[in-house]
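1. Curious how this folds, go ahead:
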Amino acid sequence: MRPEILIIYTGGTIGMKTDSETGALVPFDFSGIYEEFPSLRRLNVDLEVRTLGPIDSSNVTPERWEELAGVIRDNYERYDGFVVLHGTDTMSYTASALSFLLENLAKPVVFTGSQIPIGVLRTDGRENLITAIEIAAARDAAGRPRVPEVSLYFQNRLFRANRTSKRSAEALNAFRSY
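-> Residues are numbered from 1 along each chain as shown. From the prediction side, this is the model:
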């Protein structure tokens, strides 16, 4: 049986692409994720996307953390894992807060984002998204999730959510666990 993953888009650079007419960055419509990224079909997972009123991550509040935790709680039984697309400025804070709000978690909740908009040819967002989905869907031989906790995946590194901080606004390896 294919794992079912809910992608929750909350805002941030990962969700931006260039408007062909104006050249300005505009939000990407993640409901067309398979059309934009057909390679996702090869992951052997079923994806569903929910957009949670995209905002700049510098405007995230504890109320937003509660809203996000509520979406995961309300959909917990339906999905095998969750990927949260989030702006990088406060992603560490949100991921850490959710690691405490989601008690007794037995499923993966993987946060990721990007430094370069996903609509740009050489974006880090595409790899971050694909790997975050793979982590959320990964199971051991007994069918148990390999990462049953809130984590943050960025630039080839997986971190415990409540052990990270952003160290750079420009570098692709923007996060660190000290």
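2. so where do the helices sit in this structure?
-> Here the chain has its helices, by DSSP state H, at 33-36, 62-75, 91-101, 125-137.
3. Out of the ones you listed, the one nearest residue 164 is which?
-> helix 91-101 (4.6 Å; CB to CB). Any C-beta I mention is one placed from the backbone N, CA and C, and that applies to glycine too.
4. how far off helix 62-75 does the closest one point, in degrees?
-> 50 degrees (axes from the mean of the first three to the mean of the last three CA atoms, to 10 degrees).
5. Who are the contact partners of residue 93?
-> residue 60 (CB atoms under 8 Å, 6 or more residues apart in numbering).
6. I'd like the helices of the chain as JSON lines, with mean pLDDT appended.
-> Output for those, formatted as JSON lines (pLDDT from 0 to 100):
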{"stretch": "helix 33-36", "mean pLDDT": "85"}
{"stretch": "helix 62-75", "mean pLDDT": "97"}
{"stretch": "helix 91-101", "mean pLDDT": "95"}
{"stretch": "helix 125-137", "mean pLDDT": "96"}
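7. possible to save these as CSV with distance to residue 5?
-> Shown next, in CSV, are the helices of the chain (distance: least, CB to CB, whole Å):
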stretch, distance to residue 5
helix 33-36, 11
helix 62-75, 11
helix 91-101, 16
helix 125-137, 5
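8. What number of residues are in the vicinity of residue 58?
-> Counted by other CB atoms under 10 Å, the residues lying close to residue 58 total 9.
9. and the nearest residue to it once chain neighbours are set aside, backbone torsions?
-> Counting by CB to CB, 6 or more residues apart in numbering, residue 58 lies nearest to residue 89, which is 4.9 Å off, once chain neighbours are set aside. Note on residue 89: its backbone torsions stand at phi -60, psi -40 [degrees, to the nearest 10].
10. Show the low-confidence segments of the chain, by residue range.
-> 165-171, 174-176 (pLDDT under 70).
11. all strands of it, in order?
-> Applying DSSP state E to the chain gives strands spanning 4-9, 16-18, 25-27, 46-51, 81-85, 109-112, 150-154, 157-160, 165-166, 175-176.
12. Note down every partner strand of the fourth one and its orientation.
-> According to DSSP bridges, the neighbouring strands of strand 46-51, each with its direction, are strand 4-9 (parallel).
13. can you list the residues that contact the partner strand?
-> With CB under 8 Å, 6+ apart, strand 4-9 has contacts from 15, 30, 33, 45-52, 54, 68, 71-72, 75, 78-85, 133, 136-137.
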